[in-house]
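Asks: structure, please.
(2 chains)
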Amino acid sequence: DTEVTQTPKHLVMGMTNKKSLKCEQHMGHRAMYWYKQKAKKPPELMFVYSYEKLSINESVPSRFSPECPNSSLLNLHLHALQPEDSALYLCASSQEARTDNYGYTFGSGTRLTVV
Amino acid sequence: GENVEQHPSTLSVQEGDSAVIKCTYSDSASNYFPWYKQELGKRPQLIIDIRSNVGEKKDQRIAVTLNKTAKHFSLHITETQPEDSAVYFCAASPSGYSTLTFGKGTMLLVSP
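Replies: Next up, the predicted model:
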């Protein structure tokens, strides 16, 4: 299995809702990432998990809460989001985080719309 | 932190022509430079990458060149086809880390 699987593919939520995005990989990778991509913009790094521990938080607002329950799963919990948080949320994984980059594969993403 | 500049923002070519997209980076410690292709509504897909110990790499119609001294790298696509139409992102990764800083992207339009 060489894929990163993200669910759901689409999500519409109200500003008072609580929802979660899920990401799963079975490649034995020990680093997992959340990127956010607004329309017509490049992906921007949000969080990096290395060996199930948060190693990088790119000053992301607390309404986004990442979680790594085990080495194969990565969640992004969403609460009290704003319409400007609407974007494509991409998950990725790689063998390691603190090593020279050997490239990684992005999941298909969750397209989030906040209303 | 790393800053990646990418030009042009839009590139229109005729089918069969060559296309060149250029990127510069600011952090001399960066040592990995991938290129991603993103079709509308889809994920970015890695099409080619290069490391700082190599000056050029080629894969069929796609090639990447790297000038470490000038801190710039370029994507070359020959014999373009309509299915090459997409947004292309360059990126840079610092030595010792697997994070990516992306350029702003180039929308490539290949007309039949």
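Asks: now the residue in chain A that chain B sits nearest to: which helix or strand?
Replies: Of all residues in chain A, A:Pro42 sits closest to chain B, at 3.5 Å by Cβ to the nearest Cβ. (C-beta placed from N, C-alpha, C; glycine too.) According to DSSP states H and E, A:Pro42 maps onto no helix or strand at all.
Asks: for it, grab the count of nearby residues.
Replies: If you count neighbours by other Cβ atoms under 10 Å in any protein chain shown, A:Pro42 ends up with 22.
Asks: do the same with A:Gln6
Replies: 23.
Asks: go ahead and confirm it touches A:Cys23.
Replies: Yes. Look at A:Gln6 against A:Cys23 with Cβ atoms under 8 Å: they come within range, at 5.2 Å.
Asks: overlap in contacts of those two?
Replies: The contact sets of A:Gln6 and A:Cys23 overlap at A:91, A:107 (Cβ atoms under 8 Å, 6 or more residues apart in numbering or on different chains).
Asks: tell me where the chain has strands.
Replies: Looking at chain A here, since you left the chain open. A:4-7, A:10-13, A:18-25, A:31-37, A:44-50, A:53-57, A:64-70, A:73-79, A:87-94, A:105-106, A:110-114 (DSSP state E).
Asks: you answered for a different chain; I wanted chain B.
Replies: Using DSSP E, strands in chain B cover B:4-7, B:10-14, B:19-25, B:30-38, B:45-51, B:56-59, B:62-67, B:72-77, B:86-94, B:101-102, B:106-111.
Asks: list the contacts of the last one.
Replies: Pointing back at strand B:106-111 there. Against strand B:106-111 from outside (Cβ under 8 Å, 6+ apart): B:6-15, B:17, B:19, B:21, B:77, B:80-89.
Asks: filter the residues you listed down to the ones close to chain A.
Replies: B:87, B:89 (Cβ under 8 Å from any Cβ of the partner chain).
Asks: show me what from chain B comes close to chain A.
Replies: Residues of chain B lying near chain A (Cβ under 8 Å from any Cβ): B:31-32, B:34, B:42-46, B:49, B:51, B:87, B:89, B:91, B:93, B:95-105.
Asks: show the buried residues in the residues you listed.
Replies: For the residues of chain B next to chain A, a neighbour count by 16 or more other Cβ atoms under 10 Å in any protein chain shown gives the buried set as B:31-32, B:34, B:43-44, B:49, B:51, B:87, B:89, B:91, B:93, B:97-105.
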